[in-house]
Structures are given as C-alpha cells and as structure tokens.
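Visitor: turn this into a model:
(one chain, ligands or ions: 1)
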Amino acid sequence: MDISIRHIGSDDRDKWFEMRKGIWPEVPDEYLHFDMDDILASENNEVFFAFLGGELAGMIEVRIRDYGEGCETSPVGYIEAWFVYPEMRGKGVARALTQVAEDWARGKSCAEMASDTWLDNEASIRAHLKLGYFEVERLVHFVKRL
Ligand SMILES: CC(C)(COP(=O)(O)OP(=O)(O)OC[C@H]1O[C@@H](n2cnc3c(N)ncnc32)[C@H](O)[C@@H]1OP(=O)(O)O)[C@@H](O)C(=O)NCCC(=O)NCCS
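Guide: You can find the predicted model right below:
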C-alpha cells in the first residue's frame, strides 16, 4: 500500500498526543503535553506523520542534538520518538518515516543519526538494526531523591 509522509500540521496535535501516549502510556498527560509547543516552535525539531493508504499510520519525532552516544561528529540527528499504530506495523511505515527524518537531519548538516530504546523493546531494537543502526551502548539510569 502507498505510504506518504508529511510535516505535522497545526490540526494534528490531538493525534500526535495520542501517538505519544502510545509510546509512553505510563507518563502523565501533562508531562507529555509540556514540550509539544516547544517542539513545534523549534527549528531543531521536526515531527513527521506517515499515512498508509491515506490513513494515519504513525509518526517520528526528530531533533538536532549536540551529542549522541557513540557518535563521532556533532551535531547529530536524533530519533526522539517513533510510533506506528499496531495494526499498521510490519508494512514499512517506520522505514519510510526514518528515511525522511534522516534526510531532514542531512539537510541540517548532520553526518550521523542516533537513537535509543528500552532494553526490552525487541521490536524497536530489531527495526533499528534492520534500518542500518548499530548498537553502541547500554545505559542504566539512576535517581536519588534530594
Ligand atoms: C518500532 C516500530 C516503530 C516499528 O514500526 P514498523 O512500521 O512496524 O516498522 P517497519 O515495518 O518499517 O519495519 C522496518 C524494519 O524493521 C523490521 N521490524 C519491524 N518490526 C519488527 C519486529 N517486531 N521484529 C523483527 N523485525 C521487525 C522490519 O522487518 C523491517 O525490516 P525489513 O524492511 O528489512 O523487512 C513499531 O513497532 C512501534 O511503533 N512500536 C511501538 C512504539 C515503540 O516502541 N517505539 C520505539 C521506541 S521510541
């Protein structure tokens, strides 16, 4: 089926939020909302929506970062969020989104693209590997209450 990609538009906020919630279901709504305006206003961020056969299928959030783990250049493109609706998975939607995000980062003078995912997110890890990304590091996050 035909996959098309376009920039996020001003009417897309609800769907964008829904897809963010799909990635981070445990995160409170207000936290998911808090950076959406900044992302839309920033030239160093971009959000692309994908459509499969005309129906909304998924999205990618990409950012220009000064540093990416394992990268040898700066700045780098960074996949901040990646989501495809469950019924649309396995049809090349994430691949198409990634290609557009990489082209966008190339256009911002980036020579490398980086990303991350959870250790137990097999689908995401396998998709990254299939799309030419290689594993560079595994991180453990800590918090101390002050
Ligand atoms: C990860 C995710 C975005 C992949 O989307 P998708 O549209 O199904 O991926 P694609 O169909 O474009 O597949 C891209 C490549 O990855 C492979 N792939 C995708 N899902 C896979 C899986 N579950 N197992 C093995 N390989 C997989 C595909 O075979 C394809 O490789 P190929 O073209 O060589 O066959 C999707 O599973 C998703 O939205 N997951 C939930 C949200 C999430 O975890 N996001 C990532 C963390 S931010």
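Visitor: from the chain's centre, how far out does the longest helix that the chain contains sit?
Guide: Assignment by DSSP state H gives helix 93-107 as the longest helix of the chain. Computed by C-alpha atoms, centre = their mean, to the nearest Å, the chain-centroid distance of helix 93-107 equals 10 Å.
Visitor: so is whichever helix or strand comes after that helix next to the ligand?
Guide: Later in the chain than helix 93-107, the nearest helix or strand by DSSP states H and E is strand 113-115. No: counting by C-beta under 6 Å from any ligand atom, the ligand is not contacted by strand 113-115; separation bottoms out at 7.9 Å. To be clear about C-beta, it is placed using only N, CA and C from the backbone, and glycine gets the same treatment.
Visitor: average pLDDT for strand 113-115?
Guide: Strand 113-115 carries an average pLDDT of 98.
Visitor: the ligand contacts on the protein?
Guide: With C-beta under 6 Å from any ligand atom as the criterion, the chain meets the ligand at residues 23, 81-84, 89-95, 117, 121, 123-124, 126-127, 130-131.
Visitor: show me the shaky parts of the protein.
Guide: Along the chain, the model assigns pLDDT under 70 to no residue.
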